[in-house]
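Student: Give me the fold of what follows.
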Amino acid sequence: MSRVGKNPIIVPAGVTVTINASVIEAQGKIGKGSYQIPDEVSLERTDNVIVVKPRSGEKVARMMWGTAQRRIATMISAVDQGATVNLELSGVGYRASVQGSKLVLQLGYSHDVEYLIPQGIVVKCDKPTSISITGPSKQQVGQMAAEIRSYRVPEPYKGKGVIRQGEFIVRKEGKKK
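Tutor: All right, here's what the predicted structure looks like:
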């Protein structure tokens, strides 16, 4: 029995939700999102509460019950408040700046790394060593953060690289004489 799937999803005041046969769509002040409802679950809506229920007692239906509930809840909160990921650049000479629709990264290579910012995502560089990515889709924001991080993954000896906020880098001891 899914403990996550039992929780009802409360729709905030500024979000409009429409449920079609197999798609749920949400639109809020940040943007809009949609989720393909799996065949194994059904949705019930009353006023501003959505309840996800499995269609049968099969294992696949029970697995998809909690997954669908979390995906829908995340989508609704992201279109209302936005999803944000903060990155920190750690290393000598590592800098980031936004130039138009590009994020320009200086990560110790012989050239600058230019990353094209997708439509609907806002990138801010308050300091040259910090990047804040905000958007209406947690999946899209997380994917962009992962792609930026892949340009210079943190190394274990000095900790240089692109580090996600709250991430812990396991440090290793260097060579001894």
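Student: Return the backbone torsion pair for the residue nearest the centre of the chain.
Tutor: The chain has Lys138 as the residue nearest its centroid, 2.8 Å off, counting by Cα atoms, centre = their mean. Main-chain torsions, Lys138, degrees, to the nearest 10: phi -60, psi -40.
Student: try Arg70
Tutor: The phi/psi pair for Arg70 (degrees, to the nearest 10) is phi -70, psi -40.
Student: can you give me the strands in this protein?
Tutor: Secondary structure of the chain (DSSP state E): strands located at 9-10, 16-19, 23-27, 32-36, 41-46, 49-54, 83-90, 95-99, 102-106, 113-116, 122-124, 130-135, 161-164.
Student: dump the residue contacts of the residue nearest to the centre of the chain.
Tutor: 74-75, 78, 83 (Cβ atoms under 8 Å, 6 or more residues apart in numbering). Using the backbone N, CA and C atoms, a C-beta is placed for each residue, glycine as well.
Student: what number of residues lie near the closest residue to Leu89 other than its chain neighbours?
Tutor: In this structure, Leu89 finds its nearest non-sequential neighbour in Thr129, 4.4 Å apart by Cβ to Cβ, 6 or more residues apart in numbering. Number of residues near Thr129 (other Cβ atoms under 10 Å) recorded here: 14.
Student: The one 10 residues further on now?
Tutor: Per other Cβ under 10 Å, the neighbour tally for Gln139 reads 14.
Student: what's the most distant pair in the contacts of Lys138?
Tutor: Spanning the widest gap among those are Met75 and Ala83, at 9.6 Å by Cβ to Cβ.
Student: Name the residue in the two with the higher neighbour count.
Tutor: Between Met75 and Ala83, counting by other Cβ under 10 Å, Met75 is the more crowded of the two (26 against 22).
Student: Could you pull up the residues touching the closest residue to the more buried one other than its chain neighbours?
Tutor: In this structure, Met75 finds its nearest non-sequential neighbour in Gly33, 4.5 Å apart by Cβ to Cβ, 6+ apart. Neighbour list for Gly33: 25-26, 75, 78-79, 136-137 [criterion: Cβ under 8 Å, 6+ apart].
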